[in-house]
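**Student:** return a 3D structure for these sequence lines:
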Amino acid sequence: MTSMSHHFITCRNLEVHYTAWGEPDAPKLVMWHGLTRTGRDFDEIAHSLSDHYHVICPDTPGRGLSQWSRKPEEEYVIPFYARLALELLDQLGIETCDWVGTSMGGLIGMIMAILPESAPRIRRMVLNDVGPEIPGAALERIKTYAAVQPEFDTISELQAWQAQVYQPFGTNTPAFWRRMAITSSRRNSNGRITLHYDPALTLPFRHLSGDEHLWDGWPLIRCPMLIIRGALSDLLLPEQTARMLAENPLARLVTVPDTGHAPTLAHPEQIQLVRDFLLSTP
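**Tutor:** Sure thing, here's the model as predicted:
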């Protein structure tokens, strides 16, 4: 395993930051984070899987160290992210890869696996607590929390706040929460600490009706898929996973107990779950 390295690349006229783990000539694994998160969410699992993969963990534009968009209502949307992801694969010369997507990252992966121009590039896919549609109640919750960017005087205060607000992530160690706080923070012009994403990323949500979905494309996905669901999740419901399994025989489901949206994939048992699926014989 090699240590993490930082890289910057321009895709769709935006500078995109990504961390890379593992040897550059190893098989490729792309890990894409959730709505208000960053690629650093995958530090633990990326480090673990770097013994087999060259792992790429991008920050979506508007998050982390990637550039903020000047056209947020046009560019902070899933179809744009999917086009950006395809350009990233092109520029990095990635012909095929495995994909792990948490929440929004899973939606991006689904689009990649549906579109004819990108579907052959996705060999296997892990969908972490997300399906072809977002339930209305979960959408309203997301609209509410994503619009709030509290300020703190110290990283320790942010860490305590995140440990409380992100309780649905499940039980995690103090070291995990400290790393999350460090990689989730930025300072405002007033010197106080806030969250490391562009508040404007919520603007496109004003146009969402709750009727948007990918069900028509779901049966078209032709790569093996592992669906990971938090047992207490409000974003991926049991009836949704039942339909996913019924409409695409290449998908299988694992439920993580005592966890909501979304499993962190930082626990050894969750990492092993992903490893076993990705490295299993096709």
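
**Student:** can we go C-alpha only for contacts and neighbour counts from here?
**Tutor:** Noted.

**Student:** any idea which residue of the protein is furthest from its center?
**Tutor:** In the chain, the residue that sits farthest from the middle, by CA atoms, centre = their mean, is residue 190; the gap is 30.0 Å.

**Student:** so how far is residue 152 from that residue?
**Tutor:** In this structure, residue 190 and residue 152 are separated by 11 Å, where distance is defined by CA to CA, to the nearest Å.

**Student:** chain neighbours aside, what residue packs nearest to residue 191?
**Tutor:** In space, and not counting its chain neighbours, residue 191 is closest to residue 153: 8.0 Å by CA to CA, 6 or more residues apart in numbering.

**Student:** quick check, the one you found in contact with residue 190.
**Tutor:** No: Residue 153 is beyond contact range of residue 190, at 10.2 Å (criterion: CA atoms under 8 Å).

**Student:** what segments of this structure are strands?
**Tutor:** Using DSSP state E, the strands assigned to the chain run over residues 5-11, 14-21, 28-32, 54-58, 97-102, 122-128, 185-187, 193-195, 225-230, 251-256.

**Student:** list the buried residues in the last one.
**Tutor:** Meaning strand 251-256. Going by neighbour count (16 or more other CA atoms under 10 Å), the buried part of strand 251-256 is 251, 255, 256.

**Student:** now stretch 175-195
**Tutor:** Residues of stretch 175-195 classed as buried: 176-178, 180-186, 193-195 (neighbour count, 16+ other CA under 10 Å).

**Student:** name the surrounding residues that touch it.
**Tutor:** Contacts made with stretch 175-195 from outside it, assessed by CA atoms under 8 Å, 6 or more residues apart in numbering, are listed as 37-38, 40-41, 64, 149-156, 158-159, 162-163, 196.

**Student:** I'd like to know which of those are buried.
**Tutor:** Neighbour counting over those (16+ other CA under 10 Å) leaves 37-38, 40-41, 64, 151-152, 155, 158-159, 162-163, 196 as the buried ones.

**Student:** Serialize the buried residues of strand 251-256 to JSON lines and add fields for pLDDT.
**Tutor:** Formatted as JSON lines, those follow (pLDDT from 0 to 100):
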{"residue": "251", "pLDDT": "98"}
{"residue": "255", "pLDDT": "98"}
{"residue": "256", "pLDDT": "97"}
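
**Student:** which one of the residues you listed is nearest residue 29?
**Tutor:** Of all the buried residues of strand 251-256, residue 29 sits closest to residue 251, with 18.6 Å by CA to CA.

**Student:** the residue lying closest to that closest one once chain neighbours are set aside and residue 269, how far apart?
**Tutor:** For residue 251, the nearest residue in space outside its immediate sequence neighbours is residue 225; the separation is 4.5 Å by CA to CA, 6+ apart. Between residue 225 and residue 269 the distance is 18 Å, computed by CA to CA.
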